[in-house]
Structure formats: structure tokens, C-alpha cells
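>>> coordinates only, sequence not included:
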């Protein structure tokens, strides 16, 4: 079931690339930007996350915590984060529960892979309400960063 603007964001707890547990509930009182991406080390995913890295001040100024989420293991995410010098947490949805809860999952993807996160963006406000939702069918497309930033601007 697609996530709708105005609904409460599905709660979750995932491990980050440093093996720490991260719960969405821990960020109540802060805006959150969830960026689901298919796989580390691929061209479009690298460009997307490096764009977030290079523009992190925009999100920091909007009192927003950025999280990258994929079904990659914590070990893969740690290497990807290190190599790309990413300055925000990457969360492993290895069991595909959060991607499924956000309706951001390819059941069948390239090379017969099943259960890969769809490139998606969700802005969640300080009260845990979804204020922006974008799920892309094509992994080659990038989220609308301008719309994301405008949404964050309205929350402060």
C-alpha cells in the first residue's frame, strides 16, 4: 500500500553501517529525509548519494536528518560510505521490511534480483507525519531534490 502524504510514517529500527541500531522514533522533534536506493556502488546511486553529501548543509539548515536506506548489508554500506565520504548514516534494510512497509521495493529487478529497494524519497516532519513521498519506478531516475527542499522549507 502506497505511503500517502499526511499519514504517520511507518516506524522502523535498522542497523547503520557502524552496526548501531537506529529507530525512526529516536528522531521525533526533528525532520527526517529517507532516501531509499537500490544498490551501493552503482552509478546512479553513487551520484544521488554524493549529491546529498555535497549539499548536506541544505538539509542541516532545514533541521533534517538524512538517511540512505538500501537492502545492502551493513558491511557493504560501510565500505560504500567510506569510499564516497558520505556524511550521513546509511541504514541496512537487509530483511526488506522497511522497503516493503514504505512500498518502495522491486519484487523483480535486474539480473533476476528480488526484493531491491526502489529509488524513493520521503520527508517526515517532527511529529512523524509524511509530508513528501516519491517512489520512482525507474532506477535510472533521480528524486526531485527541488521539491524535497521546498517541502523541508515549509516545515521550519
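Ah, there it is. Nothing here was measured: the structure is a model prediction, and the numbers come from that model.

>>> can you map out the strands along the chain?
13-16, 21-23, 31-36, 64-70, 90-92, 105-106, 116-117, 120-124, 130-135 (DSSP state E).

>>> The spatially most central residue of the chain - nearest residue in space that isn't next to it in sequence?
For the chain, the residue lying nearest the average C-alpha position, counting by CA atoms, centre = their mean, turns out to be residue 35 (2.0 Å). Residue nearest to residue 35 in three dimensions, not counting chain neighbours: residue 68, with 5.1 Å by CB to CB, 6 or more residues apart in numbering. No exception for glycine: its C-beta is placed from N, CA and C like everyone else's.

>>> try residue 88
With sequence-adjacent residues excluded and distances taken as CB to CB, 6+ apart, residue 88 is closest to residue 66, at 4.1 Å.

>>> give me every residue that touches the one you found.
Shown here is residue 66, whose contacts under the criterion CB atoms under 8 Å, 6 or more residues apart in numbering are 33, 35, 52, 56, 59, 88, 89.

>>> what's the burial count for the last one?
Other residues near residue 89 come to 18 when the count uses other CB atoms under 10 Å.

>>> again with residue 55
The burial count assigned to residue 55 is 13, neighbours taken as other CB under 10 Å.

>>> From here on, call the first residue 18.
Will do, 18 is the new start, and the previous item becomes residue 72.

>>> Pull the contacting residues for it.
Taking CB under 8 Å, 6+ apart as the definition, contacts of residue 72 comprise residue 162.
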